[in-house]
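Participant: The sequence and its predicted three-dimensional model are supplied below.
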Amino acid sequence: AGGNPFGVGFGGFQGGFGGFGGGGEGMDDIFNMFFGGQGGGRGRAQKNGPRPGADLRLDLELTFEEAAFGVEKNVRLNREETCERCSGSGAEPGTKAETCPDCHGTGEVRVTQSTMFGQMVNVQPCRKCHGTGKIITHPCKDCGGTGHMKKRSTITVKIPAGVDNGSRLRVAGKGEAGTNGGPTGDLYVYLYVKRHKFFGRDGTTVTCEVPISIVQATLGAEIKVPTLYGEVIMKVPEGTQPSKILRLKGKGIASLRDGNKGDQLVRLKVVIPTRLDEKQKDALRKFEIIGGDNINPEEKGFFDKVKNMFKK
């Protein structure tokens, strides 16, 4: 479940060994003689003991605001859980599992084989108890003697403030039940954040684009800007150029590391009017005449001229 599995592969021993003395005994046969067909150092069967349960993976989608502020989500999972009726023993209540008479509770037996090297002892899982070391004569009616069963359960996942798209959370002990008293696995939650219609994000920095008129850009203005914490009044300075970026301190997202909030960057989009009536067009022509053919925004007194023109 959670994370990528890691595997280790071992190449076969081929080519240089061939048969032994024409007997046709290849390396696979030799491994079978020594290790019971299990191969290499892993040939010895594991003794019966606790085994941890499998980890589970859950993909969870969040809104932009849920990721920014944190949220608790109730999710439903299908997972192997310890049987409540028998408490994981696999035996019907009032009875108990008996020690396997063949392996004496070890879960493995020793088989002696005659080979060209002599007598070889091979350790194998006990067939009578299937390696569990126990015989259940009266299996639990609910789980059939397995000690666990598939159930659909609801758990609460706490999402901390500041998570981002692709974040992974580990919820300890919410995976599948272990066997033979082994610990329960973990649940790994992979988070996917929906795109917001207005806000963007770069780490703890929130970004947005706000349209302003050419008059507001030229003369300056105070405008309302949405933030994650409500509307604020932002001052647009005189002579603001298209795509000017202004900063709102502390209006970003809290850091997962230290809880400090980032900023919000506001890109100002100067909107050029496309439908003007004659009166508006005349005002712009007067503005052009006052400013001259080559308008230089850096020219001293330029904005004073604009202000005076719109006052008339």
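Facilitator: Nice, thanks for sending it over.
Participant: ok, residue 93 - how many residues close by?
Facilitator: Residues lying near residue 93 (other Cβ atoms under 10 Å) number 13. Backbone N, C-alpha and C define where each C-beta goes, glycine included.
Participant: so how far is residue 138 from it?
Facilitator: For residue 93, the distance to residue 138 (Cβ to Cβ, to the nearest Å) stands at 9 Å.
Participant: Quick check: closest non-adjacent residue to residue 248.
Facilitator: Spatial nearest neighbour of residue 248, excluding adjacent residues (Cβ to Cβ, 6 or more residues apart in numbering): residue 264 at 4.2 Å.
Participant: For that neighbour, which residues are in contact?
Facilitator: 205, 206, 207, 208, 227, 228, 247, 248, 251, 252 (Cβ atoms under 8 Å, 6 or more residues apart in numbering).
Participant: Mind checking the pLDDT average for the strand or helix carrying the fourth one?
Facilitator: Okay, so that is residue 208. Using DSSP states H and E, residue 208 sits within strand 205-213. The pLDDT scores in strand 205-213 average 96.
Participant: chain center to the following helix or strand past that strand: distance?
Facilitator: Later in the chain than strand 205-213, the nearest helix or strand by DSSP H and E is helix 214-219. Between the centre of helix 214-219 and the centre of its host chain there is 45 Å, according to Cα atoms, centre = their mean, to the nearest Å.
Participant: Can you tell me how far residue 160 is from residue 233?
Facilitator: Distance from residue 160 to residue 233, by Cβ to Cβ: 31 Å.
Participant: Name the residue in those two with the higher neighbour count.
Facilitator: residue 160 (14 against 8).
Participant: correct me, but the more buried one touches residue 257?
Facilitator: No: Residue 160 is beyond contact range of residue 257, at 11.0 Å (criterion: Cβ atoms under 8 Å).
Participant: is the residue most central in space within the chain in a bridge, and if so with what?
Facilitator: Centroid check for the chain by Cα atoms, centre = their mean gives residue 190 as the closest residue, at 2.1 Å. Beta bridges link residue 190 to residue 59, residue 168, judged by DSSP bridges.
Participant: re earlier: what sits opposite the residue nearest to residue 248 in the beta ladder?
Facilitator: Beta-bridge partners for residue 264, by DSSP bridges, are residue 206, residue 248.
Participant: again with residue 234
Facilitator: Counting by DSSP bridges, residue 234 forms beta bridges with residue 223.
Participant: For residue 79, give its distance to residue 173.
Facilitator: Per Cβ to Cβ, residue 79 is found 11 Å from residue 173.
Participant: Between these two, which has more neighbouring residues?
Facilitator: Comparing residue 79 with residue 173 by other Cβ under 10 Å, the one with more neighbours is residue 79, at 21 against 11.
Participant: residue contacts, that one?
Facilitator: Applying Cβ under 8 Å, 6+ apart to residue 79 gives the contacts 56, 150, 151, 153, 175, 176, 177.
Participant: do that again at 7 Å, thanks
Facilitator: Residues near residue 79 by Cβ atoms under 7 Å, 6 or more residues apart in numbering: 56, 151, 153, 175, 176.
Participant: so who does the second one touch?
Facilitator: Pointing back at residue 151 there. Contacts of residue 151 (Cβ under 7 Å, 6+ apart): 79, 81.
Participant: Is it in a helix, a strand, or coil?
Facilitator: Recorded secondary structure, residue 151: strand (DSSP: H, G, I helix; E, B strand; the rest coil).
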